[in-house]
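[1] Below: sequence and its predicted model.
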Amino acid sequence: MIVVQWPNLLGQLPHEEQEQAKELGPRVCGLVLEHQTQLLRSPPPNSRRRHRDGHWRHRELAASRSLGAVHADRLPNLHERTRDAWDELAAIDRSTAASCLSVTAFGRVVFPAAV
């Protein structure tokens, strides 16, 4: 399980984007990251929607008008840094990790099978 502590990445952003993040606040920043991650990863539960007739239909995530989607263009570097942090944490090899938990300055990875 990977947890990225994205607020720890704010100091790596350009000053203008740090100001945008401060103005949006943590709730909206989190929604922006959620939207951008959904676009990148296309998780099955978010890629379709059940309609009134009971059938599942494809959901066009790029056409979303959610709060996260509306503000996504204000935080492009935060998404990039968060994605890089995720990829770095995902690359931690359980066989070389000292314990079931590996912690970095920007997140942690837990190996439940090792608990």
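    The structure has been received and is ready for your questions.

[2] alpha carbons only for contacts and neighbour counts from here, please
    Will do.

[3] what about residue 8, how many residues close to it?
    For residue 8, the neighbour count with other Cα atoms under 10 Å is 12.

[4] try the one 5 residues further on
    Using other Cα under 10 Å as the criterion, residue 13 is surrounded by 17 other residues.

[5] With residue 3 as the reference, measure out to it.
    Relative to residue 3, residue 13 is positioned 19 Å away (Cα to Cα, to the nearest Å).

[6] how about the helices in the protein?
    In the chain, the helices defined using DSSP state H lie at 15-41, 67-71, 76-90.

[7] So for the first one, what gets flagged as buried?
    Okay, so that is helix 15-41. In terms of neighbour count (16 or more other Cα atoms under 10 Å), helix 15-41 has its buried residues at 17-18, 21, 24, 28-36, 38-39.

[8] tilt between it and helix 76-90?
    60 degrees (axes from the mean of the first three to the mean of the last three Cα atoms, to 10 degrees).
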